[in-house]
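J.: give me a 3D structure for the following:
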Amino acid sequence: MTSVENTTTDPTDPADSGPSGYAAARLRLLQEESRSGPSRRSALAGLTDDWLSALFATAVRETGVRGAALVAVGGYGRGELSPRSDLDLLLLHDGKAEPRALSALADRLWYPVWDLGVALDHSVRTPAEARKTAAEDLKVHLGLLDARPVAGDAGLLAGLRTSVLADWRNQAAKRLPHLHSLCRERHERAGELRFLLEPDLKEARGGLRDITALGAVAASWLADAPREGLAEARRRLLDARDALHLVTGRATDRLSLQEQDQVAAQLGLLDADALLREVYEAARVVAYAGDVTWREVGRVLRARSARPRLRGLLGGRGPAAAERAPLAEGVVESDGEAVLALAARPDRDPVLALRFGAAAAQAGLPVSLHAVRRLAAQAKPLPVPWPAEAREQLVTLLGAGEPTVGVWEALEAEGLITRLLPDWERVRCRPQRNPVHTWTVDRHLVETAVRASALTRRVGRPDLLLVAALLHDIGKGWPGDHSAAGETIARDMAVRMGFDAEDVAALGVLVRHHLLLIDTATRRDLDDPATVRSVADAVGSPGTLELLHALTEADALATGPAAWSAWRGSLVADLVSRVASVLQGAAPVAAEPAVPTTEEERLAVEALRTGEPVLALHARQEEDAVGVELVVAVPDQPGVLPAMAGVLALHRLTVRAADLRSLELPDRLGEVLVLRWRVAAAYGSLPEGSRLRTDLVRALDGSLDVPAKLADREAAYPRRRGVVPPPPRVTAVPDVSSLATVLEVRAPDAVGLLHRIGRALESAGVRVRSAHVSTLGANAVDTVYVVDADGKPLPPREAAALAVGVQEALS
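T.: Coordinates of the predicted model:
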């Protein structure tokens, strides 16, 4: 019988001091500032080995069991013990011991672990039972691949490991597709680590479980993962998990927002963004290695299944070499991948890398890992400015649609993108804190190009559209306004790419003003001539406007589902139409007093007759919710806006736009306030008009305490711990309207926000002409146009004072 002998890695011997001694030694180890990372994990595993080995020796003496071994499996078997990791243990025995004695042995091992509060995953099996269970349960089989002896008869485990590894290799054709399916299902549940603000370091795509899966693939001898950078990525993810355990005191793998700054400090990083970027970089390496590895597994398995049929067709002769179909100069397709032609000379062809990527993307093919690495090692640098072919190949790559993403990421993984575009380094894996964003900055730029590729038929210069899509957020790697910083960088990059002066200027305008159309359309009064004129002055030409329109849509679609809808698209299209008329020589048309519609006049007459609010509802189909247009007529009186906004909030209606004006009907006494609202029923059901009207009547007469009801609603919302949002900010925006004073309110989105704004404005004695509401993720940007009692804009000082007052009210 061969036994395992352990040597302690800590000056405290847990074998002598029992569980309390182990706990004390473990605590001292975790508090040692000089030891962290792999060294600490190895020491913790060694310390735990020593303690369990002592427990095992004592238990064997007391029970008299022979022919047994204590085995570490899973993460503990790999020596990857984080501060709060559970222990995966297998008590392996030869089947000769009495069941009662074996049970007593297990109890003497498991109960001390439980007594310390350490999570334990345990089993008791013979080698035959373990092998049979592994054959039935893929997760058990994976755990046994990392099995390591802790104490007892090492020969038992040696025989089991030999059998388990042989089974794994013999069953690889069946087991690996099953493992790949499990990985994909897990990715669907947990998401992609490098794009999550609160990533799961273990379960998400690119996380620790994927690294374990890659190890299992390598153990099959069927394929191997790209090893460059993989060990470092594993270390970074494990270090982040260690720090997370120490900060939270819990066995958690989710890097929550509220813990990120502390985890960053624990790792000696600048801040939470630096932490996320480091974690995202690691996840990118793992995800790319997974893509390459699973593609290779599929290729090998297809070749194996085809080989017997092919041998039969060839009369027993060996298989022919893979056919190579040309794609572009120096690029061919071989075995379902884009590869370099035999005659390709990267050291003499500086455009080859871009031509290779463009050809692969246009053909919808993945790129060969060997080919990309050869390009990275041998490619001749492009001259500056680029030759025309290089620029054309970049545009071709960007215009390929969805296949662009995989090709771009393969080139980026081997450093080719930052070599071509040095400024890309600052946005690579850069997190975006706004939850409306689905992607990191670099991936968002590529996704925008993908979206823009579908819009190229709408513009006269698709090349400028695609390059602007790639560069529009390039300034996010620099301090200050990313649009202003991005303009400078984009101009420099355009010169580097070889665009002429006119195109460089156009790209600069597109990057500088890529948010102009969506911000203006959703936050400004389009009936105000000053609004349209300001956009026309910024854009400068019909061609640039055409490009900016397409870029706006592509950017929003690539941002996330909350950033674009049919409603937003219609607002942008309306603005573009008005600006195009001005750019073609027409003067902005001053808004004339609107003639009341038949419906508005009918509602106004009824409101004057009854002295109470009257309303009408119209359903409109929206892409993301049930849309409702609501027209309300109320005899003119104080408090209408906050009352109506509060009632809508109580009915769970999201306000998208509001227009308010007074109607003075001929031959009738009194004025009527007409409010036209665009709201969304986010939960899919239309409100009942009668209930809205009843609550509005009660809100106006004071019998419904709207602020109290809203406070109750907000208190009832489940509150989640997280970062504290910045306080509201209210500014008076100058020179955007000749008809009213414009206030812009930026605040965390909350129940009844527009109601509180309305109350503050009502208290200040100003009248609201219109309101434009934009909600992105957890943030709201509300713009209100206000006038004084005479219907005129406020003087600058009064406007500034009003902004301060509203901000104080919201704070």
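J.: surely residue 761 and residue 786 touch.
T.: Yes. Residue 761 is in contact with residue 786 according to CB atoms under 8 Å; the separation is 6.2 Å. C-beta: built from backbone N, CA, C; applies to glycine.
J.: and for the two, which residues touch both?
T.: Common neighbours of residue 761 and residue 786, counting by CB atoms under 8 Å, 6 or more residues apart in numbering, are 768, 802.
J.: contacting residues around the nearest residue to residue 256 once chain neighbours are set aside?
T.: Among residues not flanking residue 256 along the chain, residue 198 sits closest, at 5.2 Å (CB to CB, 6 or more residues apart in numbering). When contacts are counted by CB under 8 Å, 6+ apart, residue 198 touches 254-257.
J.: most surrounded residue in these?
T.: residue 255 (25 neighbours; other CB atoms under 10 Å).
J.: in the stretch 301-450 of the chain, which spans are helices?
T.: 352-363, 369-378, 388-398, 403-413, 416-420, 441-453 (DSSP state H, counting those that start in this stretch).
J.: and those as JSON lines, adding distance to residue 495 and mean neighbour count?
T.: Below are those laid out as JSON lines (distance: least, CB to CB, whole Å; neighbours: other CB atoms under 10 Å):
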{"stretch": "helix 352-363", "distance to residue 495": "18", "mean neighbour count": "26"}
{"stretch": "helix 369-378", "distance to residue 495": "25", "mean neighbour count": "18"}
{"stretch": "helix 388-398", "distance to residue 495": "12", "mean neighbour count": "20"}
{"stretch": "helix 403-413", "distance to residue 495": "22", "mean neighbour count": "21"}
{"stretch": "helix 416-420", "distance to residue 495": "14", "mean neighbour count": "19"}
{"stretch": "helix 441-453", "distance to residue 495": "19", "mean neighbour count": "24"}
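J.: who wins for proximity to residue 305 among these?
T.: Comparing the helices of the stretch 301-450 of the chain against residue 305 with CB to CB, the closest turns out to be helix 369-378 (22.5 Å).
J.: give me the distance between the two termini of stretch 76-90.
T.: 11 Å (CA to CA, to the nearest Å).
J.: what's in contact with that stretch?
T.: When contacts are defined by CB under 8 Å, 6+ apart, stretch 76-90 is touched by residues 30, 41-42, 44-45, 48, 52, 70-75, 109, 113, 118-125, 130, 143-144, 146-148, 150, 238, 241-242, 245-246, 249-252.
J.: then stretch 101-114?
T.: By CB under 8 Å, 6+ apart, the list of residues contacting stretch 101-114 reads 18-19, 52, 55-56, 58-60, 62-65, 68, 70, 87, 89, 91, 93, 97, 120, 122, 124.
J.: quick check, distance from it to the centre of its chain.
T.: Centre-to-centre, stretch 101-114 and its host chain are 45 Å apart (CA atoms, centre = their mean, to the nearest Å).
J.: so where's the stretch 451-600 of the chain shaky on pLDDT?
T.: Where the stretch 451-600 of the chain drops to pLDDT under 70, the residues are 588-595.
J.: ok, now with 80
T.: Within the stretch 451-600 of the chain, the stretches with pLDDT under 80 are 562, 586-596.
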